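Enquirer: no sequence on this one, just coordinates:
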RNA sequence: GCCCCCAUCGUCUAACGGUCAGGACACCACUCUUUCAAGGUGGGAACAGGAGUUCGAUUCUCCUUGGGGGCACCA
């Protein structure tokens, strides 16, 4: 297929806009063949064709501009997603194809270009449906065969209105900075306005290509649901190995100044990714685990400590003593801590939770034995010692 | 105002005349558990309304209502 970038954001230069779109596609893992063709580079051709229509009496001059004469009668086509759509020529006004400065208008330029490039399929948002009869009239006037037109539904914001800056992100690439994985974004977007039929949700690119058909395209606009995107992102985060996540997480690590070695970062990613919804979440948790300066007690943790400050300290001191001589593997750590709970005659959570708080600053984390392992022996013992000797707040 | 498109749970959707209208997100229980997620089990939640066609309409037709898009010397 040939991609035509039809909507230029007035707030950005054309070059920048083009780059944003191509970068977005690249990020999504969608590539293309050949080089982009710019409408502006085909000025002479557009003028030539407009002059021809003028000479044939199919257009006329008005105040220096060339205006196409729209024939009356039915203009219909079999849309690839909507089926039959029909307009009456009488309802459409003659429209300018070449401005008085002899530059072409969109509806004319695209038709000339698509004919010259022998485009077979024109797939675009259904906000272009009303441009289609104008373009078809042009194809007819130029004696060219029609391509297949397919108008896919728009994606709207939560208020049902056209997606705009107001709704947050306007370019797919923006989601990259929000910690969304390209594979998740691609999967989520594919499911907006299209369905493979049945109950399929999580699909690879190849599966989506296999399953694709025009029949599965919805005719109704979809609403962008950020919550579901994050859910899907979480699914991908869980399923993707830490090694593959590393390049996507590390840019988000930079602001935290995390300087841990690659292996330590990988261990931390592996430990926290199943509890994360975005790579931003992952990075934040990795930072806390690898660099104690990012450790902060959250509200729930403070409350938990306040319930029984003495018990909290005692548990940490006991753990410290027990852990000092323990082999630093997840299985050995778990065994030792469970044994400790039994020795002290308390529920396992009474020993696990204080350690969790001391090491992560929160009441929620991966299993404590993994947390200890990820933070590392020396750093973990130091955090326990610091927490145990800390004066109890409030 | 005129033209066009659209209409299933709150949201994304399945269904292509006969289903207890299915799944997913979100929500609520329960379960699992070292916390939280994840997972598992269960629950509430939809065919916009009205006429037809048909033995039978969510499904086909028409109307109404509602939503969206377009009517530039923008793209």
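Expert: Right, received. Where do you want to start? Owing to the predicted nature of the structure, the values given are computational and were not obtained by experimental measurement.

Enquirer: where do the strands sit along the stretch 101-250 of chain A?
Expert: Assigned by DSSP state E, counting those that start in this stretch, the stretch 101-250 of chain A shows strands spanning A:121-125, A:148-152, A:155-156, A:222-223.

Enquirer: Let me know the average pLDDT across the last one.
Expert: Over the span of strand A:222-223, the pLDDT mean works out to 94.

Enquirer: That strand near RNA strand B at all?
Expert: Yes. Residues of strand A:222-223 contacting RNA strand B under Cβ under 7 Å from any atom of the strand: A:222, A:223. (C-beta placed from N, C-alpha, C; glycine too.)

Enquirer: And for the first one?
Expert: No. Judged by Cβ under 7 Å from any atom of the strand, strand A:121-125 and RNA strand B are separated, with a smallest distance of 8.0 Å.

Enquirer: Packing partners of that strand?
Expert: Where contact means 3 or more Cβ pairs under 8 Å, 6 or more residues apart in numbering; DSSP states H and E, strand A:121-125 is packed against strand A:148-152.

Enquirer: Going by neighbour count, list what's buried in the strand it packs on.
Expert: Residues A:149, A:150, A:151, A:152 are the ones in strand A:148-152 that count as buried (16 or more other Cβ atoms under 10 Å).

Enquirer: In JSON lines: those residues, plus distance to residue A:287 and pLDDT.
Expert: Formatted as JSON lines, the buried residues of strand A:148-152 follow (distance: Cβ to Cβ, whole Å; pLDDT from 0 to 100):
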{"residue": "A:149", "distance to residue A:287": "50", "pLDDT": "96"}
{"residue": "A:150", "distance to residue A:287": "46", "pLDDT": "95"}
{"residue": "A:151", "distance to residue A:287": "46", "pLDDT": "96"}
{"residue": "A:152", "distance to residue A:287": "41", "pLDDT": "95"}
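
Enquirer: Distance to residue A:30 for the residues you listed - can I get that in CSV?
Expert: As requested, those are exported to CSV (distance: Cβ to Cβ, whole Å):
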residue, distance to residue A:30
A:149, 22
A:150, 18
A:151, 20
A:152, 15
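
Enquirer: now, which of those residues sits nearest residue A:134?
Expert: Of all the buried residues of strand A:148-152, residue A:149 has the smallest distance to residue A:134: 12.1 Å, by Cβ to Cβ.

Enquirer: so who does the closest residue to the closest one other than its chain neighbours touch?
Expert: Leaving out its chain neighbours, the residue that sits closest to residue A:149 by Cβ to Cβ, 6 or more residues apart in numbering is residue A:122, at 5.1 Å. By Cβ atoms under 8 Å, 6 or more residues apart in numbering, the residues touching residue A:122 are A:4, A:114, A:147, A:148, A:149, A:150.

Enquirer: circling back: using JSON lines, please lay out the strands of the stretch 101-250 of chain A together with distance to residue A:106.
Expert: As requested, the strands of the stretch 101-250 of chain A are exported to JSON lines (distance: least, Cβ to Cβ, whole Å):
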{"stretch": "strand A:121-125", "distance to residue A:106": "12"}
{"stretch": "strand A:148-152", "distance to residue A:106": "16"}
{"stretch": "strand A:155-156", "distance to residue A:106": "22"}
{"stretch": "strand A:222-223", "distance to residue A:106": "26"}
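
Enquirer: about what we covered before: what is the nearest of the buried residues of strand A:148-152 to RNA strand B?
Expert: Nearest to RNA strand B among the buried residues of strand A:148-152 is residue A:151, at 7.3 Å by Cβ to the nearest atom of the strand.

Enquirer: close enough to count as contact, the closest one and residue A:83?
Expert: No. Assessed by Cβ atoms under 8 Å, residue A:151 is found out of contact with residue A:83, at 10.8 Å.

Enquirer: can you redo the buried residues of strand A:148-152 as TSV with distance to RNA strand B?
Expert: Shown next, in TSV, are these (distance: Cβ to the nearest atom of the strand, whole Å):
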residue	distance to RNA strand B
A:149	12
A:150	12
A:151	7
A:152	10
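
Enquirer: From residue A:104, how far out is the closest residue to residue A:185 other than its chain neighbours?
Expert: Spatial nearest neighbour of residue A:185, chain neighbours left out: residue A:175 (5.4 Å); criterion: Cβ to Cβ, 6+ apart. As defined by Cβ to Cβ, to the nearest Å, residue A:175 lies at a distance of 34 Å from residue A:104.

Enquirer: ok, now residue A:46?
Expert: In terms of Cβ to Cβ, residue A:46 sits 4 Å off from residue A:104.

Enquirer: higher neighbour count, these two?
Expert: Of the pair residue A:46 and residue A:104, residue A:104 is the one with more neighbours under other Cβ atoms under 10 Å, namely 25 against 22.

Enquirer: Who does that one form a beta bridge with?
Expert: On the basis of DSSP bridges, residue A:104 is bridged to residue A:98.

Enquirer: before we move on, the earlier item: what sits against the residue nearest to residue A:185?
Expert: Residue A:175 neighbours (Cβ under 8 Å, 6+ apart): A:169, A:185, A:229.

Enquirer: hmm, the strand or helix carrying residue A:263 touching RNA strand B?
Expert: Residue A:263 is part of helix A:262-272 when elements are defined by DSSP states H and E. No. Interface with RNA strand B: helix A:262-272 contributes nothing (Cβ under 7 Å from any atom of the strand), its closest point being 9.3 Å away.

Enquirer: The helix or strand just after that helix and RNA strand B, are they touching?
Expert: Following helix A:262-272 in sequence order, the next helix or strand is helix A:279-290 (DSSP H and E). No. Contact of helix A:279-290 with RNA strand B (Cβ under 7 Å from any atom of the strand) is absent, the minimum separation being 10.1 Å.
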